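In: 3D, please:
(chains A, B, C and D)
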Protein chains: 2
Amino acid sequence: MTADEALALVREHGGRVTASRRLLIDALFDGNDHHTAEDLASAVQAGAPDVALSTIYRNLDELERLGVIAHSHLGHGPATYHLTTAAHCHFVCQECGTAVMAPDELFATLVTQASEQFGFDVDIHHFAILGRCAACRRD
Amino acid sequence: MTADEALALVREHGGRVTASRRLLIDALFDGNDHHTAEDLASAVQAGAPDVALSTIYRNLDELERLGVIAHSHLGHGPATYHLTTAAHCHFVCQECGTAVMAPDELFATLVTQASEQFGFDVDIHHFAILGRCAACRRD
DNA sequence: TTGCTCGTTGCAAGTGATTCGCAACTACTC
DNA sequence: GAGTAGTTGCGAATCACTTGCAACGAGCAA
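Out: Coordinates of the predicted model:
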């Protein structure tokens, strides 16, 4: 999906294309894929200084409802938002805080077994796996 | 571990056995194993109405440092505290919020592969697996 | 039993992340 | 250009904690 397609989707659902929404979507599509609301606010405010944080949150909600983005809770800090097309799970180190991407395949067994044994449909993208990264383990 | 052993451990580390600490430990050992700070505060306050919430948090911190308890973040809400001897992972339903216990074995493959491929030491008890439970999937 | 020391506590204020109410604003449709 | 309804900014509120500080009291020694 591209930024324009996301905007088209917003419009399809009765939403309007406003400056702040366009800037927010641009920020979300900018390459990096772990954005906190605060980061996104800075990016948006670079183009439109008066956009309020509450507008960012409202637009993030809206985009999440439309399925364009999803948010995850990486450890204790603020939530991070990312495009659903770039969804992936994370390993987050509890000591240094770095997030490492984890390939979906790692979770295949877990997903199947959870479904077979508990009827539970795991959403592997909506949370982080905590632990200690290789670097911190060496210390 | 029993409540008395936990108190002994506190004392061994230079800590003191106070009424609020005793009540908190009793509450943690009371059978149920997912307590929020708020729940624990109510339980403690049933025996000593003047105990402040900050005392609860400080004591929870202390007990966590001593390894008696651990806390996890189940989805969006407040953290839940549980005895380390009762540690287990959870499946939390994003629709109805129920937490199902997940046996550690389910994570065996994930833990081994994460360690082999990324040198990442997964702590499976410190977070929840989100998704949809059997009941909500049927609707 | 009393005194002393230092861990602990209650209270109140602070913080970080997010949410809400509301009146003003504006994108889109007609 | 006018009207409708989705959006926005602002400030205040909320939720889950966290912190500063002076008073309190557990445990040890005498």
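In: Please read off the pLDDT at A:G67 from the model.
Out: Here, the pLDDT recorded for A:G67 equals 92.
In: my bad, A:G75
Out: pLDDT, A:G75: 68.
In: now do A:A70
Out: Among the per-residue scores, A:A70 shows a pLDDT of 88.
In: That one: how many residues sit nearby?
Out: Using other C-beta atoms under 10 Å in any protein chain shown, A:A70 has 18 other residues around it. C-beta here means a position set from N, CA and C on the backbone, and glycine is covered the same way.
In: quick one: contacts for A:E62?
Out: For A:E62, the contacting residues are A:10, A:15, by C-beta atoms under 8 Å, 6 or more residues apart in numbering or on different chains.
In: Secondary structure element for it, which one?
Out: helix A:53-65 (DSSP states H and E).
In: what's the answer for A:V111, then?
Out: helix A:108-118.
In: circling back to that earlier point, just checking the distance from the helix holding A:E62 to the centre of its chain.
Out: 12 Å (C-alpha atoms, centre = their mean, to the nearest Å).
In: Now do the buried residues in it.
Out: A:55-56, A:59-60, A:62-63 (16 or more other C-beta atoms under 10 Å in any protein chain shown).
In: out of those residues, who's near DNA strand D?
Out: Counting by C-beta under 7 Å from any atom of the strand, A:55, A:59, A:62 from the buried residues of helix A:53-65 sit close to DNA strand D.
In: Out of those, which comes closest to chain B?
Out: A:E62 (18.0 Å; C-beta to the nearest C-beta).
In: Do a quick rundown of the strands in chain A.
Out: With DSSP state E, the ranges of strands along chain A come out as A:35-36, A:69-72, A:80-83, A:89-93, A:99-102, A:121-122, A:128-132.
In: I'd like these as a markdown table, with distance to DNA strand C appended.
Out: Formatted as a markdown table, those follow (distance: least, C-beta to the nearest atom of the strand, whole Å):
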| stretch | distance to DNA strand C |
| --- | --- |
| strand A:35-36 | 6 |
| strand A:69-72 | 7 |
| strand A:80-83 | 8 |
| strand A:89-93 | 15 |
| strand A:99-102 | 15 |
| strand A:121-122 | 22 |
| strand A:128-132 | 13 |
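In: coming back round to it: return the alpha-carbon coordinates of the helix holding A:E62 using CSV.
Out: Extracted in CSV, the C-alpha atoms of helix A:53-65 (Å, rounded to 0.1, in the frame of the first residue of the first chain):
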residue,chain,number,x,y,z
LEU,A,53,-1.0,15.8,19.9
SER,A,54,-4.6,14.8,20.3
THR,A,55,-5.1,15.1,16.6
ILE,A,56,-2.2,12.7,16.0
TYR,A,57,-3.8,10.2,18.4
ARG,A,58,-7.2,10.6,16.8
ASN,A,59,-5.8,10.1,13.3
LEU,A,60,-3.8,7.1,14.5
ASP,A,61,-6.9,5.5,15.9
GLU,A,62,-8.7,6.2,12.6
LEU,A,63,-6.0,4.6,10.6
GLU,A,64,-5.9,1.7,12.9
ARG,A,65,-9.6,1.2,12.5
